[in-house]
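Engineer: Task: produce atomic coordinates for the following.
(one chain, ligands or ions: 1)
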Amino acid sequence: MHAYGVSPEEWKDYIFQKGENAYRAEQIFSWIHGRQVLSAAQMLNLPQTLRESLSTDFEWPSEQQVQTLQSRRDATAKVLFEFDRRVIETVWLPYENRQSVCVSVQSGCSLNCTFCASGKMEFKGNLSAGEIVEQVYSSQNAIGKKVTNIVYMGMGEPFYNYDAVIKSAHLLHHPKGLNIGVRKITISTSGVLPGIIRFFEEEQPFQLAISLHAAFPEKRREIMDVEKKFPMQEMLKVLRANRKSLRNNQLTFEYVLIDGFNTGKEDIRELAKIAKDIGAKINLIPLNTEYNGMRRPDQATINQFWEQLNALGVVAVNRKSPGEDIAGACGQLAGKWAQKSPL
Ligand code: SF4
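Structural biologist: Numbering: from 1, shown residues only. All right, here's what the predicted structure looks like:
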């Protein structure tokens with residue numbers, strides 16, 4: 001098991017089994033999540049024997065970053081990791097008032113959204129909670145700034161790796177660790193209904209984002225396989241029924257803007273209707289780079305789309321597409337690297 005993915009309760013059990021004093025569990029947790037040490041050898045207030053056991057009983061980060069690319073245009077950076085012969089990527093997104101890290105939850109993705117490079121890569125399975133947490137700590141080390149926001153929007157579908165995702169989010173939120181607020185941790189699903197239902201049932205406190213990307217089911221089916229398995233009408237029913245259990249602003253629909261495909265007047269009207277009905281805000285994401293025959297709309301179209309949503313009474317955020325010069329879109333860089341690599 002990866003040491004970064006061990007919960008406080010699991011450390012207590014481990015320490016109990018080792019016959020050590022209970023307070024050692026808290027010390028270990030603080031070293032890992034408070035100071036983000038890379039090895040047990042750095043935990044200087046622990047007995048030597050315990051440090052040795054920790055080194056052999058757990059996996060530790062081995063500075064596996066294979067590549068770090070920093071955008072010259074907007075300070076976005078991509079960090080590639082290799083976990084157990086699986087290549088994944090993490091994106092660092094600096095904004096004026098926050099530093100966000102976009103983490104991956106799987107190597108590749110078993111879904112196949114037509115606008116996304118991750119879906120075209122060979123799927124190599126889920127990442128563990130520790131591997132997700134490691135992306136945050138290592139990116140922070142590589143960039144030299146403190147992370148303030150986490151988005152689960154990199155490679156893979158979070159709700160196909162539910163346990164590891166939720167566990168990592170709680171570790172990153174822990175007051176003895178990075179202490180990232182629940183409103184600053186966003187889990188983004190393509191619409192995997194069993195995961196959404198479980199998120200509500202467990203009353204998870206994190207922000208929930210749902211990739212809608214089209215306001216009409218038949219259009220959505222063209223670009224997102226998940227629509228065939230979990231139709232959006234079913235999903236909207238569940239969201240409507242559970243809306244009251246979510247806080248204000250806890251729910252967002254992601255909408256990737258693809259030129260000539262989902263940017264028409266009827267798209268705006270239907271999207272506004274859905275968002276108002278559910279009480280969700282909209283995050284507009286212009287397609288990052290030209291991909292698979294699809295293009296981002298020009299700036300005038302993007303602005304009009306945003307203004308018209310606002311005029312219809314919907315809160316819409318018009319996000320810039322960062323890191324265009326470093327293949328900023330999900331999966332693009334890891335995909336290129338994997339093609340060149342003997343892995
Ligand atoms: S957009 Fe998300 S769900 Fe769709 S293929 Fe890419 S990583 Fe998977």
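Engineer: How many neighbouring residues does the nearest residue in space to Glu20 that is not next to it in sequence have?
Structural biologist: Excluding the flanking residues, the one nearest Glu20 by C-beta to C-beta, 6 or more residues apart in numbering is Leu50, at 6.0 Å. For the C-beta atoms, the positions are set from N, CA and C on the backbone; glycine is no exception. Look at Leu50: counted by other C-beta atoms under 10 Å, it has 18 neighbours.
Engineer: show me the contacts for Leu50.
Structural biologist: The neighbours of Leu50, taking C-beta atoms under 8 Å, 6 or more residues apart in numbering as the test, are Lys18, Glu20, Arg24, Ala40.
Engineer: biggest strand in this protein, by residue count?
Structural biologist: In the chain, assigned by DSSP state E, the strand with the most residues is strand 86-94.
Engineer: Could you check that strand against the ligand for contacts?
Structural biologist: No - Strand 86-94 stays clear of the ligand (C-beta under 6 Å from any ligand atom), getting no nearer than 10.9 Å.
Engineer: List the neighbouring strands of that strand plus their orientation.
Structural biologist: strand 77-83 (antiparallel), strand 99-102 (antiparallel) (DSSP bridges).
Engineer: got CSV for the ones you listed, with distance to the ligand and mean pLDDT too?
Structural biologist: Formatted as CSV, the strands paired with strand 86-94 follow (distance: least, C-beta to the nearest ligand atom, whole Å; pLDDT from 0 to 100):
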stretch, distance to the ligand, mean pLDDT
strand 77-83, 15, 86
strand 99-102, 11, 94
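Engineer: Now tabulate those in CSV and tack on distance to Ala300 and mean neighbour count.
Structural biologist: CSV is the format used below for those (distance: least, C-beta to C-beta, whole Å; neighbours: other C-beta atoms under 10 Å):
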stretch, distance to Ala300, mean neighbour count
strand 77-83, 29, 22
strand 99-102, 27, 22
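Engineer: If any of the contacts of Leu50 are buried, give me the PyMOL selection for them.
Structural biologist: With 16 or more other C-beta atoms under 10 Å as the criterion, this PyMOL line picks the buried residues out of those:
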select buried, resi 20+24+40
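Engineer: Looking at the contacts of Leu50, which is nearest the ligand?
Structural biologist: Distance to the ligand across the contacts of Leu50 (C-beta to the nearest ligand atom) is lowest for Ala40, with 33.8 Å.
Engineer: Could you double-check that the closest one lies in contact with Leu54?
Structural biologist: Yes - assessed by C-beta atoms under 8 Å, Ala40 is found in contact with Leu54 at 3.6 Å.
Engineer: Which strand or helix spans Leu178?
Structural biologist: Using DSSP states H and E, Leu178 sits within no helix or strand.
Engineer: tally of neighbours for it?
Structural biologist: For Leu178, using other C-beta under 10 Å, the count is 20.
Engineer: The closest residue to it other than its chain neighbours: which element?
Structural biologist: Distances taken as C-beta to C-beta, 6+ apart put Leu172 closest to Leu178, at 5.4 Å, once the chain neighbours are dropped. Element membership for Leu172, per DSSP H and E: helix 162-173.
Engineer: Whatever helix or strand comes next after that helix close to the ligand?
Structural biologist: Toward the C-terminus, helix 162-173 is succeeded by strand 185-189 as the next helix or strand (DSSP H and E). No - using C-beta under 6 Å from any ligand atom, strand 185-189 stays clear of the ligand, coming no nearer than 8.0 Å.
Engineer: What are the contacting residues of the helix or strand following strand 185-189?
Structural biologist: Under the assignment DSSP H and E, the closest C-terminal helix or strand after strand 185-189 is helix 193-201. Applying C-beta under 8 Å, 6+ apart, the external contacts of helix 193-201 come out as 158-160, 162, 187, 189, 208, 210, 230, 234-235, 238-239, 242, 245-246.
Engineer: Could you single out the nearest of the residues you listed to Pro8?
Structural biologist: Tyr162 (20.2 Å; C-beta to C-beta).
Engineer: how much space between the nearest residue to that closest one once chain neighbours are set aside and Cys113?
Structural biologist: Of all residues not flanking Tyr162 in the chain, Gly195 sits nearest, at 5.3 Å (C-beta to C-beta, 6+ apart). Distance from Gly195 to Cys113, counting by C-beta to C-beta, to the nearest Å: 16 Å.
Engineer: what does Phe29 give?
Structural biologist: 37 Å.
Engineer: Format the strands paired with strand 86-94 as a markdown table; extra columns: distance to Ala316.
Structural biologist: Converted to a markdown table, the strands paired with strand 86-94 look like this (distance: least, C-beta to C-beta, whole Å):
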| stretch | distance to Ala316 |
| --- | --- |
| strand 77-83 | 27 |
| strand 99-102 | 19 |
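Engineer: If anything else comes up later, I'll come back, but that's it for now.
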